[in-house]
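**Student:** quick one, fold the following:
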Amino acid sequence: MVKNIKDFFYFLLSIYETRYTIYQLTTKDLTKRYLGSFLGVVWAFIQPLVYILVMWFVFSFGFRSGQTVNEYPFILWLISAMIPWFFISEILVQGSRSILDYSYLIKKIVFRSSIIPVVKILTGLIIHLFFLVIIILFFFIHGYFPILKWIQVLYYLLCSLVFLLGFSWLTSSVTVFIKDVPQFVNVINQILFWFTPIFWPIEKVQSTTTLGIIIRLNPFLYIIQGYRESFLGTYWFWQHPLQTLYFWIITIFLFISGALIFRKLKPHFPDVL
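**Tutor:** The predicted structure follows:
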């Protein structure tokens, strides 16, 4: 037990010591993904932005035109949950593939592979921060201005970062040995999209039903609802004590176990890759 605790903290310290390398790799990762295309890294922002603009047009002038949710236009209610989901779903898939994507580094040089999932998350974070600005602009356009509850978006962002890092360490290390893991994660990702209240309000499913219980066990519900409640100004995070406790129990367990499993498996990466 004591050895595992020491291993865990040494693992985190080794990542901090390579922060400059992380910065360099994050910059390269962001540009490498769109290398060779005319617009380059701009595509990372164009694709989700076009999707949001289409949603805005459809729901502002077509379906649900003029409808509101909690006195907010439907499009604001929608994008306040859709934007964090873009970030989460991207990292779920990219994080699970991260070690495979950088196998050329691991095979050729002495390299701290534990920073690779961190790089993938930071790459996604840069894009996510851009779209948080887009959310704010949409609120401004509709005549809504910053309120104090918006600041807790930073808390829910931290929640997503800790969860996704633990998840990425776990899945990326297992993927080295079982190549089907990213495909499995992608399928789960698609299922979670429809079982997470992004397009529909959580109140439609009663918490006492079997389906309601299953949906509320989804840890991403806490993050998605948190973003939405922050931007719409409905609740503070401490007003959900049981959900907060449940989320952090799951997240801390995943973070620690993901780090320890990664640390245990990484000596075998060069041989298997």
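**Student:** quick one: the strands in this structure?
**Tutor:** In the chain, the segments counted as strands under DSSP state E are 68-69, 72-73.
**Student:** redo the ones you listed as JSON lines? Include distance to residue 132 and mean neighbour count.
**Tutor:** Where you see a C-beta, it was placed from the backbone N, CA and C, and this is true even at glycine. Formatted as JSON lines, the strands of the chain follow (distance: least, C-beta to C-beta, whole Å; neighbours: other C-beta atoms under 10 Å):
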{"stretch": "strand 68-69", "distance to residue 132": "20", "mean neighbour count": "13"}
{"stretch": "strand 72-73", "distance to residue 132": "17", "mean neighbour count": "20"}
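**Student:** of those, which shows the lowest average pLDDT?
**Tutor:** Across these, strand 68-69 has the smallest mean pLDDT, namely a mean of 70.
**Student:** centre-most residue in the chain?
**Tutor:** In the chain, the centroid-proximal residue (C-alpha atoms, centre = their mean) is residue 88; its distance is 2.5 Å.
**Student:** contacts only, for that one.
**Tutor:** Counting by C-beta atoms under 8 Å, 6 or more residues apart in numbering, residue 88 touches 160, 164, 220, 223-224.
**Student:** so which two of those residues are the farthest from each other?
**Tutor:** Maximum pairwise distance among the contacts of residue 88 (C-beta to C-beta): 13.4 Å, between 164 and 224.
**Student:** can you pick out the residue with more neighbours from those two?
**Tutor:** Shown here are residue 164 and residue 224; by other C-beta atoms under 10 Å, residue 164 has more neighbours (28 against 24).
**Student:** which residue, other than its chain neighbours, is closest to that one?
**Tutor:** Nearest non-adjacent residue to residue 164, counting by C-beta to C-beta, 6 or more residues apart in numbering: residue 91, 4.6 Å away.
**Student:** doesn't residue 120 make contact with that neighbour?
**Tutor:** Yes: counting by C-beta atoms under 8 Å, residue 91 touches residue 120, with 6.6 Å between them.
**Student:** next, show the common contact partners of the two.
**Tutor:** With C-beta under 8 Å, 6+ apart as the test, residue 91 and residue 120 both reach residue 168.
**Student:** between those two, who's got more neighbours?
**Tutor:** Taking other C-beta under 10 Å, residue 91 and residue 120 do not tie; residue 120 has more neighbours (28 against 25).
**Student:** ok, that one - contacts?
**Tutor:** Residue 120 neighbours (C-beta under 8 Å, 6+ apart): 29, 91, 94-95, 98, 101, 168.
**Student:** where in the chain is pLDDT low?
**Tutor:** Along the chain, segments meeting pLDDT under 70 span 1-5, 7-8, 10, 33-41, 59-67, 69, 109-110.
**Student:** before we move on, the earlier item: now tabulate the contacts of residue 120 in a markdown table and tack on distance to residue 70.
**Tutor:** Formatted as a markdown table, the contacts of residue 120 follow (distance: C-beta to C-beta, whole Å):
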| residue | distance to residue 70 |
| --- | --- |
| 29 | 38 |
| 91 | 28 |
| 94 | 33 |
| 95 | 33 |
| 98 | 38 |
| 101 | 41 |
| 168 | 34 |
